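S.K.: the following comprises the amino acid sequence and a computationally predicted model.
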Amino acid sequence: MLEIEAQVEKITFRNEENNYTVAKLRAKEKNSLFTAVGYIPAISPGEVLRIKGYWKTHKIYGEQFHIVFCEHSTPSNEEAIEKYLGSGLIKGIGPEIAKRIVERFGKGTIKIISESPELLKEVPGIGEKRIEMIKGAWERSSEEREILLSLQGLGISPNLALKIYRQYGKDAITTVKNNPFRLAEDIYGVGFLTADKISKKLNIERDSPLRIEACIHYILRKASEEGHVYCPFEQLVKEASHLLGIEEPKVRDALVRLGESGSVVIDSSFEDKPVYIKALYMAEKGISEKMKKIASSRWQLDLLRESVYDHIQKKLGIRFTEAQLQAIKAALENKVALITGGPGTGKTTIIKGIVEAYLRLGKRVLLCAPTGRAAKKLEESTTYPAQTIHRLLEYNPQTKSFRRNERYPLQCDLIVVDESSMIDIVLMYQLMKAIPEDATVVFVGDCDQLPSVGPGAVFKDLIESNFTCCVRLKEIFRQSKESLIVINAHRINSGFMPIFENRTGKKADFLFYNRDNPDAVVKTIVQLVKSHIPSEYGIEPEEIQVLTPMYKGEMGVANLNSVLKDVINPRRDEGEKKGFSFRVGDKVIQMRNNYEKEVFNGDIGRVTEINPQLEELKVAYDTREVSYYFSELDEITLAYAISIHKSQGSEYEAVIVPIMTHHYVLLQRNLIYTALTRAKRLAVFIGTKKALAIGIKNNKPKNRYTLLAERLKKEFSIP
């Protein structure tokens with residue numbers, strides 16, 4: 001790593017949110033001007049820096065010095081001091097005042113400001129009020145620099161040092177030294193491994209209780225991110241022991257202590273002694289208890305007559321099949337009902353029938369779904385108002401809580417929850433708390449799709465527990481029998497290879513292109529998006545969604561986005577002049593829930609505006625526009641290609657799915673099934689039939705650690 005001493009000549013660009021800076025510096029040794037970039041604390045023209053880093057050639061801006069470490073020192077000559085003070089660093093001092101101060105105090109100016117600011121009154125135009133402003137600004141600036149420098153001395157990057165300072169303020173150093181593992185819990189993007197590196201700099205012992213307990217919490221959080229609700233006791237001990245490099249008994253003792261303190265929950269009533277994050281334990285237990293209360297409450301509906309079914313069929317202009325009537329009756333005769341089925345099995349028609357029946361009986365009805373896209377689709381298909389679960393429960397981003405709960409329940413007699421397979425255990429718990437005990441709740445979904453992104457497999461567990469009536473829809477309706485998308489979805493779900501030949505006499509809505517190497521797959525995707533699909537099917541490139549099983553590699557999300565971006569939204573001048581990764585018109589996806597902006601993990605939108613001056617980017621989601629500061633752009637990424645998991649609950653005019661043996665570890669039947677069922681008008685698979693066969697054969701997806709089904713069986717005394 002190179003070390004350079006240089007003076008700041010000019011600040012070209014600076015993001016105050018994350019301290020990313022582009023500056024012109026003059027090397028003291030060679031007196032040569034160069035560009036430096038990096039996440040560094042506030043700097044000002046005239047200042048002298050000692051920087052460490054490396055040279056890198058940017059494809060547009062040429063050679064730049066990337067700063068990894070930065071130490072400030074105040075300028076020593078009068079010209080540099082004047083430039084330094086007049087840069088706007090200190091509120092109350094502009095260029096004119098800076099000139100007067102330096103004329104009066106010369107090279108001793110900095111010492112006067114830091115040690116004897118009261119002497120500044122000798123300068124014309126500076127009174128007591130301005131002296132107080134200057135004094136306060138100097139102290140704050142000095143404090144920030146001192147703390148950031150101290151944090152960097154612990155091996156902390158400038159960007160992380162800034163996050164730590166903003167989180168803890170003047171207590172940053174004390175907090176980090178007392179417990180560096182707090183960073184993993186308090187600061188977004190910091191994990192145990194980063195905190196552990198800092199702990200080594202602080203000479204914290206390998207078997208310190210602080211370190212062991214932090215590692216246990218880290219493993220439990222990581223397990224929840226992978227979809228697990230809990231971790232078996234002994235498995236957790238082994239994993240922590242390996243990660244920490246210490247003996248298992250010490251981990252076991254620490255885990256028991258955490259359980260006794262209530263920091264984690266160890267449920268000894270189960271054989272593998274599951275260890276829970278407290279919130280997940282409360283959710284799993286709370287769902288099973290509330291299900292029992294609802295299912296056992298007194299029935300409120302009037303005596304039903306066959307005329308109700310006649311009425312809703314006449315009103316909707318359809319004749320229900322036996323399976324559909326069974327599903328509607330289940331919703332009318334049970335307090336909790338479950339309805340599951342694949343594409344083309346009439347789930348939407350059933351929801352319309354259930355809603356119409358309850359309205360006929362004068363009951364209050366609510367419809368909801370986990371995402372905005374799913375709620376919008378539900379409302380359009382039923383012509384009845386539908387909301388996201390968060391909006392229904394009146395989520396408050398300021399307090400990060402739901403207004404609707406057991407103390408302020410929803411006002412309804414029936415609540416229908418669509419796309420139930422997408423709901424994780426935490427959201428389901430919040431929903432269940434808000435449902436009145438005398439209401440009926442109907443969960444509708446496709447249990448053969450991928451489970452929720454968040455922890456748990458709630459819909460699957462509800463079905464497997466057998467605590468209430470579950471109707472499984474298998475019959476494909478006549479209009480769907482002509483669709484290879486629907487036919488092949490059911491074939492794949494039953495373990496059979498899809499039909500590749502079009503036998504309908506109409507333009508095929510399912511295509512397979514045999515390609516035996518990644519480069520050929522990518523080229524075919526580009527051809528399909530750029531010309532074939534738009535010309536043959538009238539589907540615009542913007543309406544085509546590429547779904548891939550993996551993130552890395554030629555056929556991964558990152559590379560495909562890079563390729564497709566230049567095909568669908570070719571290079572423009574704006575933004576990218578600064579090495580910016582987005583363009584106006586880019587298709588983007590939200591990567592995590594942001595309740596303040598009301599955008600959620602998986603929401604897809606388009607970039608409508610980039611304003612470098614305001615450091616702001618705007619994205620249109622459906623009919624709403626959301627603003628992001630540049631420092632928040634880690635929340636979104638390009639979405640020309642997305643993972644199959646991220647596509648849950650969505651439908652696209654056309655989907656393209658690369659599938660090869662390179663994806664071997666990810667190939668599962670429910671993954672292929674989910675990808676195919678996202679297509680409305682056209683599904684295209686590209687790769688090898690061998691890879692497709694491997695995935696269809698693999699019907700043993702990775703099990704999630706969840707005990708909801710077992711808890712429900714206990715509640716309802718089911719053997």
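M.R.: Right, received. Where do you want to start?

S.K.: poorly predicted segments of the stretch 401-550 of the chain, please.
M.R.: Per-residue confidence for the stretch 401-550 of the chain (pLDDT under 70) gives these ranges: 478-481, 503-505.

S.K.: tell me which stretches of it form strands.
M.R.: Secondary structure of the stretch 401-550 of the chain (DSSP state E, counting those that start in this stretch): strands located at 401-402, 414-417, 440-445, 469-473, 510-514, 544-548.

S.K.: also the stretch 201-350 of the chain?
M.R.: Remark: strands assigned in the stretch 201-350 of the chain by DSSP E, counting those that start in this stretch are 230-232, 264-266, 274-277, 336-341.

S.K.: right, so of the ones you listed, which gets closest to residue 29?
M.R.: If you check each of the strands of the stretch 201-350 of the chain against residue 29 by Cβ to Cβ, strand 274-277 wins as the nearest, at 54.1 Å. (Glycine included, C-beta is placed from N, CA and C.)

S.K.: helices or strands next to the longest helix anywhere in the chain in the packing?
M.R.: Identified as the longest helix of the chain according to DSSP state H is helix 128-152. With contacts defined as 3 or more Cβ pairs under 8 Å, 6 or more residues apart in numbering; DSSP states H and E, helix 128-152 has these neighbours: strand 62-73, helix 109-115, helix 158-168, helix 172-178.

S.K.: which parts of the last one are buried?
M.R.: Of the residues in helix 172-178, those buried by neighbour count under the rule 16 or more other Cβ atoms under 10 Å are 172-173, 175-176.

S.K.: now it, how far from the centre of its chain.
M.R.: 29 Å (Cα atoms, centre = their mean, to the nearest Å).

S.K.: which other helices and strands contact it?
M.R.: Using 3+ Cβ pairs under 8 Å, 6+ apart, helix 172-178 sits against helix 128-152, helix 158-168, helix 182-186.

S.K.: can you list contacts of it?
M.R.: With contact meaning Cβ atoms under 8 Å, 6 or more residues apart in numbering, helix 172-178 is reached by 147, 150-151, 154, 156, 164-165, 168, 182-183, 198, 202.

S.K.: and with 10 Å instead?
M.R.: Here helix 172-178 makes contact (Cβ atoms under 10 Å, 6 or more residues apart in numbering) with 143-144, 146-148, 150-151, 153-154, 156, 161, 163-169, 171, 182-183, 186, 195, 198-199, 201-202, 204, 210.

S.K.: angle of the longest helix of the chain against strand 62-73?
M.R.: With axes from the mean of the first three to the mean of the last three Cα atoms, to 10 degrees as the basis, helix 128-152 and strand 62-73 are set at 110 degrees to each other.

S.K.: got the angle for helix 128-152 vs helix 158-168?
M.R.: Interaxial angle, helix 128-152 versus helix 158-168 (the same axes, to 10 degrees): 120 degrees.

S.K.: pull out the buried residues from helix 128-152.
M.R.: For helix 128-152, the neighbour count (16+ other Cβ under 10 Å) marks 130-131, 134-135, 137-138, 141, 144-145, 147-152 as buried.

S.K.: and for stretch 4-15?
M.R.: Of the residues in stretch 4-15, 4, 6-9, 11, 14 count as buried by neighbour count, 16+ other Cβ under 10 Å.

S.K.: so where do the helices sit in the stretch 501-650 of the chain?
M.R.: With DSSP state H, counting those that start in this stretch as the criterion, the stretch 501-650 of the chain has helices at 518-527, 533-537, 557-568.

S.K.: pairing partners for the lengthiest strand in the chain, with directions?
M.R.: Criterion DSSP state E: the longest strand present in the chain is strand 2-15. Partner strands and pairing direction for strand 2-15 (DSSP bridges) are strand 20-27 (antiparallel), strand 48-58 (antiparallel).

S.K.: which one of the ones you listed is the most hemmed in?
M.R.: Among those, strand 20-27 has the highest mean neighbour count (mean count of other Cβ atoms under 10 Å), at a mean of 19.

S.K.: so for the next helix or strand after that one, what's the average pLDDT?
M.R.: The element immediately downstream of strand 20-27 (helix or strand, assigned by DSSP states H and E) is strand 33-39. Regarding strand 33-39, the rounded mean pLDDT is 89.

S.K.: and what of stretch 179-197?
M.R.: Rounded mean pLDDT across stretch 179-197 is 86.

S.K.: how far is it from where the chain is centred?
M.R.: 19 Å.

S.K.: contacts only, for the closest residue to residue 437 other than its chain neighbours.
M.R.: Distances taken as Cβ to Cβ, 6 or more residues apart in numbering place residue 297 nearest to residue 437, at 4.6 Å, with adjacent residues excluded. By Cβ under 10 Å, 6+ apart, the residues touching residue 297 are 335, 436-440.

S.K.: need the buried residues of helix 172-178 in a markdown table (columns: pLDDT and distance to residue 251).
M.R.: Below are the buried residues of helix 172-178 laid out as a markdown table (pLDDT from 0 to 100; distance: Cβ to Cβ, whole Å):
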| residue | pLDDT | distance to residue 251 |
| --- | --- | --- |
| 172 | 88 | 30 |
| 173 | 89 | 30 |
| 175 | 90 | 25 |
| 176 | 91 | 24 |
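
S.K.: pull the most distant pair out of these.
M.R.: Comparing all pairs in those by Cβ to Cβ, the longest separation belongs to 173 and 175, at 7.3 Å.

S.K.: returning to that earlier point: residue 431: which of the strands of the stretch 401-550 of the chain is closest?
M.R.: strand 414-417 (7.2 Å).

S.K.: within its sheet, name the partner strands of the closest one and how each one runs.
M.R.: Assessed with DSSP bridges, strand 414-417 is paired to strand 365-369 (parallel), strand 440-445 (parallel).

S.K.: reformat these as CSV; add distance to residue 641 and mean neighbour count.
M.R.: Shown next, in CSV, are the strands paired with strand 414-417 (distance: least, Cβ to Cβ, whole Å; neighbours: other Cβ atoms under 10 Å):
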stretch, distance to residue 641, mean neighbour count
strand 365-369, 25, 23
strand 440-445, 26, 26
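
S.K.: out of the ones you listed, flag the one nearest residue 343.
M.R.: strand 440-445 (12.1 Å).

S.K.: where does the stretch 601-719 of the chain dip in pLDDT?
M.R.: Ranges of the stretch 601-719 of the chain meeting pLDDT under 70: 613-614, 663-665.

S.K.: now with 90?
M.R.: Applying pLDDT under 90 to the stretch 601-719 of the chain flags residues 601-604, 610-616, 622-624, 629-635, 645-651, 660-668, 699-703, 719.

S.K.: which residues in it form strands?
M.R.: Remark: strands assigned in the stretch 601-719 of the chain by DSSP E, counting those that start in this stretch are 604-611, 616-621, 624-629, 636-638, 641-643, 652-659, 679-687.

S.K.: for these, which one sits closest to residue 243?
M.R.: With Cβ to Cβ, the closest approach to residue 243 among those belongs to strand 641-643: 26.7 Å.

S.K.: ok, the closest one: who's next to it in the sheet?
M.R.: strand 544-548 (parallel).

S.K.: relative to strand 679-687, how tilted is the partner strand?
M.R.: When the same axes, to 10 degrees is applied, the directions of strand 544-548 and strand 679-687 differ by 50 degrees.

S.K.: chain center to strand 544-548: distance?
M.R.: Worked out by Cα atoms, centre = their mean, strand 544-548 lies 19 Å from the chain centre.

S.K.: so it versus helix 557-568, what angle?
M.R.: Computed by the same axes, to 10 degrees, the angle between strand 544-548 and helix 557-568 is 160 degrees.

S.K.: then strand 544-548 to CSV, C-alphas only?
M.R.: This file holds the C-alpha atoms of strand 544-548, laid out as CSV (Å, rounded to 0.1, in the frame of the first residue of the first chain):
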residue,chain,number,x,y,z
ILE,A,544,-39.6,-9.4,-20.5
GLN,A,545,-38.2,-10.7,-17.2
VAL,A,546,-35.1,-12.9,-17.0
LEU,A,547,-35.2,-15.3,-14.0
THR,A,548,-32.0,-17.1,-13.0
